[in-house]
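Participant: The sequence isn't on hand, but the structure is:
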C-alpha cells in the first residue's frame, strides 16, 4: 500500500514569503498525488492533483506542486503567502487505478503579519 | 450546485450507545467514501461504495462499524456500542467516478464519546 510522508507538522511563514510544504511518497511506481487544504471546522478542499500528465501542476489559490520521480517527491509551493493561507495541508496518494486515498499527517501553516 | 452534506455536524454520545452518521453525496456522483480523522491516527480510509458493486470495507476498524448506501445515493455509517476511541471527525466524500477523479469532501461529523 502507498504511504506518504509530510516533513514538518508546523510551518510558520511571514506574509509575502515563500510557502514550501514537503511531501514524499513510498512507491517505485508513480502514483496519483493530491494536495488538500482544510480550514478550521471544514472538510478538505482539493488544491491540485498529479495524475501522470505534466510534472508541474498548478492549482487553486496560487499553489503549485512539482512531481519529481527521482526524488519520490511532490512538494507544494506558493511564491507569496497570504493571511488566508493559514490552514492545515494534507498530501495524499493513491495507486493508479485505485480509489483509496492515503493521507500524510498534515502540515499546519501559520502566516505572520 | 450543492456539495456533500453530512449530519449531524456534532454528536455527543455515551459509551456503549449506537450512533448513525449520514452523508448526502453530490448528485450524480457514483463513488462515495468514508474517512475518519482523529488526533492519534490522522486521516484514515474506512469504506468505499461504487455504484451497485460490493463495497470495499477493508478500512473499517472493527465489526462494530458498518455502512450502507441506499439507492446509490445517501449513505449511513453506523457505529454500535461506541467506545471512547471512536471519538473523531468522520468525513464523507464523493466523486464522479473512482480513481483519479477528485473526491469532494463534506464538512464532517464530530463524534464525541463520553
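Facilitator: Happy to help now that I have it. This is a predicted model, so every value here is computed, not measured. Numbering: from 1, shown residues only, chains lettered A, B, ... in the order given.

Participant: who are the neighbours in contact with the spatially most central residue of chain A?
Facilitator: Centroid check for chain A by Cα atoms, centre = their mean gives residue A:35 as the closest residue, at 3.6 Å. The contact partners of residue A:35, by Cβ atoms under 8 Å, 6 or more residues apart in numbering or on different chains, come to A:21, A:23, A:46-49, A:59, A:63, A:65, A:74, A:76, A:89-92. Bear in mind the C-beta positions are built from the backbone N, C-alpha and C, glycine included.

Participant: And those residues, which of them are buried?
Facilitator: In terms of neighbour count (16 or more other Cβ atoms under 10 Å in any protein chain shown), the buried residues within these are A:21, A:23, A:46-49, A:59, A:63, A:65, A:74, A:76, A:89-92.

Participant: Just those: which are in helices?
Facilitator: Applying DSSP state H to the buried ones among the contacts of residue A:35, no entry is found in helices.

Participant: ok, and the closest non-adjacent residue to residue B:112?
Facilitator: Closest residue to residue B:112 apart from its sequence neighbours, by Cβ to Cβ, 6 or more residues apart in numbering or on different chains: residue B:12 at 4.7 Å.

Participant: The one you found and residue B:23: what is the separation?
Facilitator: 19 Å (Cβ to Cβ, to the nearest Å).

Participant: Tell me the bridge partners for residue B:69.
Facilitator: Beta bridges link residue B:69 to residue B:75, judged by DSSP bridges.

Participant: Count the neighbours of it for me.
Facilitator: 20 (other Cβ atoms under 10 Å in any protein chain shown).

Participant: Also residue B:81?
Facilitator: Neighbour number of residue B:81 under other Cβ under 10 Å is 11.

Participant: got it, and residue B:11?
Facilitator: Residue B:11 - counted by other Cβ under 10 Å - has 17 other residues nearby.

Participant: Okay, and it sits in which element?
Facilitator: strand B:10-13 (DSSP states H and E).

Participant: so where is chain A shaky, pLDDT-wise?
Facilitator: Along chain A, segments meeting pLDDT under 70 span A:1.
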